[in-house]
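Visitor: Next one to model:
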Amino acid sequence: MSKVYFYYSAMNAGKSTVLLQSSYNYRERGMHTLLFVPAIDTRAGTGRIESRIGLGADAMALQPDENVFDHVKAAHAAQPVACVLIDEAQFLTRPQVEQLTDVSDRLGIPVLCYGLRTDFQGQLFPGSAALLALADNLIELKTICHCGRKATMNLRVGPDGRAVREGAQVEIGGNERYVAMCRRHYKDALAQA
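Guide: Take a look at the predicted model:
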């Protein structure tokens, strides 16, 4: 039985690296994978997944109104798909997450989603909320705070390096805009903002 998996973490835990390694493992055994990334994430270019350690692969860029089930079904009819992998899954819509459950339940294809659990204010992203509710398996990928404790929060920082308290939920960025921290140091940084 195929399942929907949600691999979640704070920033800089290696989610994209793990995704690319998983796809490589399937392909090394002669199996076809489909990679998707929400079109909003253009840090590596549209339709591109890149890890901080230099690995990368092309992916289909998904718009919020696109039906991922239809894409997978069409691709699977042309060439059997062994696994569907989604990077930056926090940016999916709830309907897209529901479509991914159909990929698993109706097409029998495992779905591996990788993304952040919460935003810079500690709030769930819509895609993450849907995955936490609907995924068969929830797997936390861990990273560490500067103090050595497990990082669970994503601190947004401004150009001056100070914590940002307010703003749009989605602001695409990497190490220049976000710092993974334990809850204690996240609260301390916000108190100093």
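Visitor: these two touch, right, Ala61 and Gly47?
Guide: Yes: here Ala61 reaches Gly47: they are 3.9 Å apart, a contact under C-beta atoms under 8 Å. C-beta coordinates here come from the backbone N, C-alpha and C atoms, glycine included.
Visitor: Residues that sit against both of the two, list them.
Guide: Val37, Ala39 (C-beta atoms under 8 Å, 6 or more residues apart in numbering).
Visitor: Any idea how many residues pack against Met1?
Guide: Close neighbours of Met1, defined as other C-beta atoms under 10 Å, add up to 7.
Visitor: Not counting residues beside it along the chain, what's closest to it?
Guide: Distance criterion C-beta to C-beta, 6 or more residues apart in numbering; nearest residue to Met1, sequence neighbours excluded, is Gly108 at 7.9 Å.
Visitor: what's the distance between the one you found and Tyr178?
Guide: 37 Å (C-beta to C-beta, to the nearest Å).
Visitor: Looking at those two, which has the bigger crowd around it?
Guide: Tyr178 (21 against 11).
Visitor: Could you spell out the sheet neighbours of the lowest-mean-pLDDT helix or strand in the chain, each with its direction?
Guide: None of the helices or strands of the chain scores lower by mean pLDDT, DSSP states H and E than strand 48-50, at a mean of 84. The pairing partners recorded for strand 48-50 under DSSP bridges are strand 56-58 (antiparallel).
Visitor: who does the helix or strand following the strand it pairs with pair up with?
Guide: Of the helices and strands lying after strand 56-58 in sequence (DSSP states H and E), the nearest is strand 60-62. Take DSSP bridges as the rule and strand 60-62 pairs in its sheet with strand 32-38 (parallel).
Visitor: for the partner strand, what is the average pLDDT?
Guide: In this model, strand 32-38 carries a mean pLDDT of 96.
Visitor: Tell me which stretches of the chain form helices.
Guide: 15-28, 68-78, 94-107, 126-134, 183-191 (DSSP state H).
Visitor: Quick check: which of those helices is nearest to Thr42?
Guide: Across these, Thr42 has its closest neighbour in helix 15-28 (14.3 Å, C-beta to C-beta).
Visitor: got the buried residues for the closest one?
Guide: Lys15, Ser16, Thr17, Val18, Leu19, Leu20, Ser22, Ser23, Tyr26 (16 or more other C-beta atoms under 10 Å).
Visitor: cool, and stretch 179-193?
Guide: Here stretch 179-193 shows Val179, Ala180, Met181, Cys182, His185, Tyr186, Ala189, Leu190 as buried, counting by 16+ other C-beta under 10 Å.
Visitor: export those residues to a markdown table and tack on pLDDT and distance to Ala82?
Guide: Conversion of those to a markdown table gives the following (pLDDT from 0 to 100; distance: C-beta to C-beta, whole Å):
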| residue | pLDDT | distance to Ala82 |
| --- | --- | --- |
| Val179 | 92 | 36 |
| Ala180 | 94 | 32 |
| Met181 | 94 | 37 |
| Cys182 | 96 | 37 |
| His185 | 95 | 41 |
| Tyr186 | 93 | 39 |
| Ala189 | 92 | 43 |
| Leu190 | 91 | 44 |
